[in-house]
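*Asks:* Turn this into a structure:
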Amino acid sequence: MKTHSVWFHPTKVETIGMFKRFGLFWMLTLALTVATHAVAADSQSKTAAAPDLDFRIDVDVYAEENKAPIATLQTIFTAGLYIELDEQTGRTTVFDPGKSQITILDSNRKSLVHLDMTSIDSQLSLGLSKMTQEQSVRFLSEGGPLLEEGNLFSIGNKFWRYKFRPTTPSNPAIAISYGDFANWSVKLNAVYPPRKPPFRLQLNQLLIDQRQLPTELRRITYADGRTEEIVARLILKESLNDNDRARIASVYTSMKEYKIATDAEFFKK
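*Replies:* So this is what the prediction gives:
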């Protein structure tokens with residue numbers, strides 16, 4: 001499997017898409033969270049993918065709050081799997097922590113790719129090893145969560161900030177499972193296309209530790225004299241309906257029928 005360690009090298013960051021503005025920050029985020037995540041991995045893995053826990057989380061993502069969402073996602077949690085459905089792109093991503101495997105299915109091309117979670121973690125660790133102390137200090141979150149107007153908490157600094165509205169689900173395992181899914185989603189999208197800086201790892205761990213979910217999440221970045229804000233709103237459904245189960249069955253069928261591609265083939269533009 002081809003690795004992507006070049007994107008984690010500090011001297012190469014400015015040449016790679018979004019990393020031009022945020023490369024240093026994402027390496028810091030990795031530094032702040034990898035150690036905590038590694039220490040918690042054994043205990044968390046025993047509860048994260050609870051096989052008897054079935055629920056769904058719907059997410060609408062907005063670039064402008066007064067306009068239609070730019071993305072609408074549904075994630076189904078069942079039988080120890082996290083199944084993210086994106087009907088706009090035709091992609092379904094199946095996270096299987098029990099097998100340490102992520103499978104991405106493309107309904108437009110009728111193809112899929114299997115990715116190893118251990119390899120993804122290793123590539124992020126490589127990025128951590130190439131981060132300088134100066135980069136780490138510059139991009140540290142300034143203290144713990146702050147309570148702001150509108151009952152939003154926030155973490156961050158002058159380069160980036162997350163504002164979030166947390167809630168406590170009836171079952172703590174829901175928050176743990178969602179946090180584990182969110183971590184793997186961030187890691188996947190940092191190592192493979194779209195190769196987004198993994199802003200959320202630090203926030204994810206904070207919410208896991210508190211056994212909470214975000215119902216509203218605002219990612220704010222400050223760069224080149226501009227402020228950019230992306231808003232996500234999450235709705236928890238603590239049970240699955242017949243339509244959800246039909247979609248799960250459809251995913252299983254597609255996993256048997258789609259052509260298996262290599263990661264290079266699957267992500268080729």
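*Asks:* Could you check how far Ile208 is from Val191?
*Replies:* 21 Å (CB to CB, to the nearest Å). Using the backbone N, CA and C atoms, a C-beta is placed for each residue, glycine as well.
*Asks:* ok, now Phe77?
*Replies:* Counting by CB to CB - Phe77 and Val191 are separated by 23 Å.
*Asks:* Next: Arg91.
*Replies:* Taken as CB to CB, the span from Arg91 to Val191 is 16 Å.
*Asks:* which one of those two has more residues nearby?
*Replies:* Higher neighbour count among Arg91 and Val191: Val191, with 24 against 16, using other CB atoms under 10 Å.
*Asks:* So for that one, what pLDDT did the model give?
*Replies:* What the model reports as pLDDT for Val191 is 90.
*Asks:* again, but for the one 4 residues further on
*Replies:* Confidence per residue is given as pLDDT, and for Arg195 that number is 85.
*Asks:* before we move on, what about Ser136?
*Replies:* Per-residue pLDDT puts Ser136 at 63.
*Asks:* How about Leu140?
*Replies:* pLDDT recorded at Leu140 is 63.
*Asks:* In space, what's closest to His114 - neighbours in sequence excluded?
*Replies:* Leaving aside its chain neighbours, His114 sits nearest to Thr103 (5.3 Å; criterion: CB to CB, 6 or more residues apart in numbering).
*Asks:* Was I right to think the one you found contacts Glu84?
*Replies:* No. With contacts counted by CB atoms under 8 Å, Thr103 stays clear of Glu84, the gap being 11.0 Å.
*Asks:* and the residue nearest to His114, that one's in a strand?
*Replies:* Yes. Using DSSP: H, G, I helix; E, B strand; the rest coil, the secondary structure at Thr103 is a strand.
*Asks:* So what pairs up with it in the strands?
*Replies:* Beta bridges link Thr103 to Val94, His114 when assigned by DSSP bridges.
*Asks:* measure it to Val251 for me?
*Replies:* Following CB to CB, the distance that separates Thr103 from Val251 is 9 Å.
*Asks:* And the helix or strand harbouring Val251, what's buried?
*Replies:* Val251 is located in helix 242-257, with elements delineated by DSSP states H and E. Using 16 or more other CB atoms under 10 Å as the test for burial, helix 242-257 gives Asp244, Arg247, Ile248, Val251, Ser254.
*Asks:* Excluding residues flanking it in the chain, which one is nearest the last one?
*Replies:* Nearest in space to Ser254, with sequence neighbours left out and distances taken as CB to CB, 6+ apart, is Leu105 at 5.4 Å.
*Asks:* And the one you found, what's its pLDDT?
*Replies:* Per-residue pLDDT puts Leu105 at 98.
*Asks:* quick one: contacts for it?
*Replies:* Arg91, Thr92, Thr93, Val94, Ser111, Leu112, Val251, Ser254, Met255, Tyr258 (CB atoms under 8 Å, 6 or more residues apart in numbering).
*Asks:* can you redo the residues you listed as TSV with distance to Phe164 and pLDDT?
*Replies:* Shown next, in TSV, are the contacts of Leu105 (distance: CB to CB, whole Å; pLDDT from 0 to 100):
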residue	distance to Phe164	pLDDT
Arg91	26	97
Thr92	26	98
Thr93	23	98
Val94	26	98
Ser111	36	98
Leu112	33	98
Val251	29	98
Ser254	34	98
Met255	33	98
Tyr258	36	98
